[in-house]
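S.K.: Need coordinates for the following:
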Amino acid sequence: MTSRPRTSDPSDEAYERLRQGIMRGEVSPGQRLVEADLVEALGVSRAVVRTTLTRLTHAGLVEKEPNRGARVRTVSEEEAIEITQARSVLEALAARHAAERATATDVAGLRTILGEMKTMLAAQDLLGYSEGNSRLHAKIIAISQHQTVQRLVANLRAQMVRFQYRTILVPGRGKESFAEHKKLVEAIAAHDGDAAEAAMRNHLLHVTESLVRTKGSRPDGAGLFGRI
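M.R.: As a prediction, the model looks like this:
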């Protein structure tokens, strides 16, 4: 995990660093979180580590087992589908707000990311495309200025780390995904809240359908993730 300058609250800093590590896949799903290791890695006291693990447990990212300590929670395929369904409602709301609030600069930023995704897709860099996809969704939520959606979606996406590359690897899905994102961006550019909301719902419905079709396949992209 990369080091960061210290903030005034070591507990908040430790929480954010470990949360980001889980979200980026640097700490693998199912990996044990040993207090002594975290004390050394995060440079904080054991009390701060315990507080951090409790907060992450409440956020749904960590689970504690009696007499076995804590580990990064592993999300089942069924739960991953439910999470994507929940995201579709929240992100559709964000897309509507983004359409209402987007400035010309915001739209230009979305189109820049979309252009980068198109380049990645043409080069068959599907993992790079998937990362661009994540940036585009994050940008839309930021434009929406809906803080509750931002917080809830961040937690939901963190739980999906082992599934984040699965759907884009489905044959033909990349081309479909790009068309869906293009329609979404154009709706936001036109300040059409209804169309933006519908486009986001449609996109995440197709993501859900892809997850259903690929149930039972290996989801985690072996070797992609490191450790703390």
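
S.K.: And the spatially most central residue of the chain, which helix or strand is it part of?
M.R.: Most central in the chain under Cα atoms, centre = their mean is residue 157, positioned 3.3 Å from the mean C-alpha point. Using DSSP states H and E, residue 157 sits in helix 147-158.

S.K.: Next, the buried residues of that helix.
M.R.: The neighbour-count check on helix 147-158 (16 or more other Cβ atoms under 10 Å) flags 149, 152, 153, 155, 156, 157, 158 as buried. Using the backbone N, CA and C atoms, a C-beta is placed for each residue, glycine as well.

S.K.: Please enumerate the helices of this protein.
M.R.: Along the chain, the segments classed as helices by DSSP state H run 10-23, 35-42, 46-58, 77-101, 104-122, 126-144, 147-158, 173-189, 193-213.

S.K.: Which of these sits closest to residue 166?
M.R.: helix 193-213 (6.9 Å; Cβ to Cβ).

S.K.: in that closest one, what counts as buried?
M.R.: Buried residues in helix 193-213, counted by 16+ other Cβ under 10 Å: 193, 195-201, 203-204, 206-208, 210-211.

S.K.: Relative to residue 96, how far out is residue 45?
M.R.: According to Cβ to Cβ, to the nearest Å, residue 45 stands 44 Å off from residue 96.

S.K.: need the helix or strand of this protein with the lowest average pLDDT.
M.R.: Counting by mean pLDDT, DSSP states H and E, the weakest-scoring helix or strand in the chain turns out to be helix 10-23, with a mean of 86.

S.K.: Against which helices or strands is it packed?
M.R.: helix 35-42, helix 46-58, helix 147-158 (3 or more Cβ pairs under 8 Å, 6 or more residues apart in numbering; DSSP states H and E).

S.K.: So for stretch 181-188, mean pLDDT?
M.R.: Across stretch 181-188, pLDDT averages out at 98.

S.K.: what's the answer for stretch 201-215, then?
M.R.: Mean predicted lDDT for stretch 201-215 stands at 91.

S.K.: Would you mind extracting the C-alpha trace of it into PDB?
M.R.: This file holds the C-alpha atoms of stretch 201-215, laid out as PDB (Å, rounded to 0.1, in the frame of the first residue of the first chain):
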ATOM      1  CA  ARG A 201     -30.300   1.900 -15.800                       C
ATOM      2  CA  ASN A 202     -30.100   0.200 -19.200                       C
ATOM      3  CA  HIS A 203     -26.300   0.000 -19.000                       C
ATOM      4  CA  LEU A 204     -26.200  -1.500 -15.500                       C
ATOM      5  CA  LEU A 205     -29.100  -3.900 -16.400                       C
ATOM      6  CA  HIS A 206     -26.800  -5.300 -19.100                       C
ATOM      7  CA  VAL A 207     -23.900  -5.600 -16.600                       C
ATOM      8  CA  THR A 208     -26.200  -7.500 -14.300                       C
ATOM      9  CA  GLU A 209     -27.300  -9.800 -17.200                       C
ATOM     10  CA  SER A 210     -23.600 -10.400 -18.000                       C
ATOM     11  CA  LEU A 211     -22.900 -11.400 -14.400                       C
ATOM     12  CA  VAL A 212     -25.800 -13.800 -14.400                       C
ATOM     13  CA  ARG A 213     -24.600 -15.400 -17.700                       C
ATOM     14  CA  THR A 214     -21.000 -15.800 -16.300                       C
ATOM     15  CA  LYS A 215     -21.900 -17.300 -12.900                       C
END
